[in-house]
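S.K.: How does the following fold in three dimensions:
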Amino acid sequence: MKKIIFIVVALLVSAATYAQEAHFGVKAGMNLSNMTGDDIDGDMKAGIYLGGFVNFKLTEKFALQPELIYSQQGAKNDEGGVDEKLRTDYLNVPIMAKFYVSEGFNLQVGPQIGFLLKSEYEQDDVDVDIKDETKGVDFSLGLGCEYEMESGFGINLRYNIGLSEVYDDIDPKHSVLQIGASFKF
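M.R.: Residues are numbered from 1 along each chain as shown. Modelled structure (predicted):
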């Protein structure tokens with residue numbers, strides 16, 4: 001964990017040193033999340049995400065954008081008359097490489113580390129805290145695109161592919177589609 005934090009800090013300091021421009025911003029939107037794996041059969045669950053970012057424009061065509069995002073994730077299942085929901089809330093730290101392919105339009109890719117805030121299982125309106133059975137750190141890979149207007153307003157789409165298992169005794173990974181808006185100052 002200390003190595004990961006050190007690498008992130010070194011990367012951010014390096015980016016800040018070489019950045020031609022640095023802009024702060026906020027973003028928010030809707031998550032459509034699910035879990036993939038052999039041991040789970042779920043449907044997409046809606047949630048929200050919100051947070052902030054710093055955009056370090058390193059060249060005309062490339063930027064590095066670390067973010068700090070609160071994200072509601074999980075899955076649901078309502079087959080057989082039983083209404084089940086898995087709710088996991090994370091504080092995610094993605095570091096996105098942004099490639100500007102045309103005026104205002106960029107493609108994004110980058111790693112994300114998530115720190116568990118809450119994990120609950122709900123069945124027929126009864127909530128059970130399962131934070132102790134949920135792994136405290138989640139790793140994923142983000143792929144996305146964004147259109148940024150000159151005013152600072154942006155519209156973005158991102159898919160986060162889970163790379164690590166969420167629970168100790170079963171094998172699901174997160175799968176999160178994010179649709180939202182951002183504003184860069």
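
S.K.: Only C-alpha atoms from now on, for both contacts and neighbour counts.
M.R.: Will do.

S.K.: Now residue 181: which helix or strand?
M.R.: Assessed by DSSP states H and E, residue 181 sits inside strand 173-184.

S.K.: For that strand, give me every contacting residue.
M.R.: The list of residues contacting strand 173-184 from outside it, by Cα atoms under 8 Å, 6 or more residues apart in numbering, reads 23-37, 49, 73-74, 140, 152-166.

S.K.: one more time with 6 Å, if that's ok
M.R.: Residues from elsewhere that reach strand 173-184 (Cα atoms under 6 Å, 6 or more residues apart in numbering): 24-36, 152-162, 164-166.

S.K.: Report the contact partners of residue 93.
M.R.: Residues counted as contacts of residue 93 (Cα under 6 Å, 6+ apart) are 67-68, 112-113.

S.K.: These in strands, which ones?
M.R.: Counting by DSSP state E, the contacts of residue 93 place 67-68, 112-113 in strands.

S.K.: ok, back up a step: the strand holding residue 181 pairs with which strands, and in what direction?
M.R.: Take DSSP bridges as the rule and strand 173-184 pairs in its sheet with strand 21-36 (antiparallel), strand 153-162 (antiparallel).

S.K.: Adding mean pLDDT, write those strands out as TSV.
M.R.: Formatted as TSV, those follow (pLDDT from 0 to 100):
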stretch	mean pLDDT
strand 21-36	95
strand 153-162	98
